[in-house]
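1. Predicted model follows, preceded by the sequence.
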Amino acid sequence: MQTVTDLFIEHFSFWPHLSTQEKELINAYSHIVHYKKGTQVHQGPLDCIGVLLVKRGQLRVYTMSEDGREVTLYRLFPDDVGILSASCALDAVTFDVYIDAAEDTEVLLTDSVAFRKLAKDNIYVRCYGYEMASNRLSEMLWKMQQVLFLSADRRLAIFLLEESAKRNSREIHMTHEEIARFMGTAREVVSRLVKYFSQEGWVKTSRGCISLTNYDALKDLAG
């Protein structure tokens, strides 16, 4: 069974550059946390819980409009690190995000107070934090470009292909409501497009499942 130190060694490139005292600090302020599916893990501007290393499950990172519409920015899977939940520890990062558990999830949580001290005192930790934040912000920019500039049918095709690749399966077990939340659109839009894709022979639907039956056609649509 992996220890906390094993996880740091495996996933955090700054670990070899920490002093003994710094290693003791990060160990003391890190612990395993379990979240049930649907739990709000991070509450946007009201929160700064720390760095999340996903061990099991899935987290959904999203932003919210003034009228309450959610747009999924990206998701965190096992071995992914969530840095924006510790944005208060990085002075130049001010983008607030919300995080929910998309599945029953287990994470290693490093408290933001400890990470802030490490980032302040150790250049390797600081560079790691900003590099991770930069990568996530790049993903978020791509998602916002999709929402603003791509048609809904193309976005759905991209989503289905990406989900298929992530799960290594042509069967996607999600409701239309869940897909709409990930895409940042209305359930009715997803239902209408899935019906259209089905009529074209690109997908086959059953209760809670969409099977990709014409991969090439979806790739052509996705561009």
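-> Now that the structure is in, tell me what you want to look at.

2. and residue 175, how many neighbours?
-> 15 (other C-beta atoms under 10 Å). Just so you know, the C-beta spots here come from the backbone N, C-alpha and C atoms, and that holds for glycine as well.

3. again with residue 47
-> Neighbours of residue 47 using other C-beta under 10 Å come to 19.

4. Contact partners for it?
-> Residue 47 sits next to residue 85 when contact means C-beta atoms under 8 Å, 6 or more residues apart in numbering.

5. and the gap between residue 59 and residue 221?
-> Plainly put, residue 59 is 29 Å away from residue 221 if you go by C-beta to C-beta, to the nearest Å.

6. Who has more neighbours out of those two?
-> In this view residue 59 and residue 221 are compared by other C-beta under 10 Å, and residue 59 has more residues nearby, 24 against 19.

7. which residue sits closest to the more buried one, ignoring its sequence neighbours?
-> residue 76 (4.2 Å; C-beta to C-beta, 6 or more residues apart in numbering).

8. what's the spacing between the one you found and residue 25?
-> Going from residue 76 to residue 25 by C-beta to C-beta gives 24 Å.

9. Between those two, which is the more surrounded one?
-> Applying other C-beta under 10 Å to residue 76 and residue 25 shows that residue 76 carries more neighbours, namely 23 against 20.

10. what's the pLDDT at that one?
-> Each residue has a pLDDT score; the one for residue 76 is 94.

11. for it, what are its contacts?
-> By C-beta under 8 Å, 6+ apart, residue 76 lies in contact with 52, 54, 58, 59, 61, 82.

12. Which of the residues in the lengthiest helix in the chain are classified as buried?
-> Ordering each helix of the chain by length in residues (DSSP state H) puts helix 123-149 first. For helix 123-149, the neighbour count (16 or more other C-beta atoms under 10 Å) marks 124, 125, 126, 128, 129, 130, 132, 133, 136, 140, 143, 146 as buried.

13. Correct me if wrong: residue 157 contacts residue 214.
-> No. The pair residue 157 and residue 214 fails to qualify as a contact (C-beta atoms under 8 Å) at a distance of 10.7 Å.

14. out of those two, which sits in the busier spot?
-> Neighbour tally, residue 157 and residue 214, criterion other C-beta under 10 Å: the higher count belongs to residue 157, 24 against 15.

15. how close does the closest residue to residue 215 other than its chain neighbours get to residue 127?
-> Once flanking residues are discounted, residue 215 sits nearest to residue 170: 7.2 Å by C-beta to C-beta, 6+ apart. The gap separating residue 170 from residue 127 is 40 Å, by C-beta to C-beta.

16. And for residue 36?
-> 35 Å.

17. what's the answer for residue 190, then?
-> For residue 190, the distance to residue 127 equals 40 Å [C-beta to C-beta].

18. who does the residue most central in space within the chain bridge with?
-> Centroid-nearest residue in the chain: residue 75, 2.0 Å away (criterion: C-alpha atoms, centre = their mean). With DSSP bridges applied, residue 75 shows beta-bridge pairing to residue 60.
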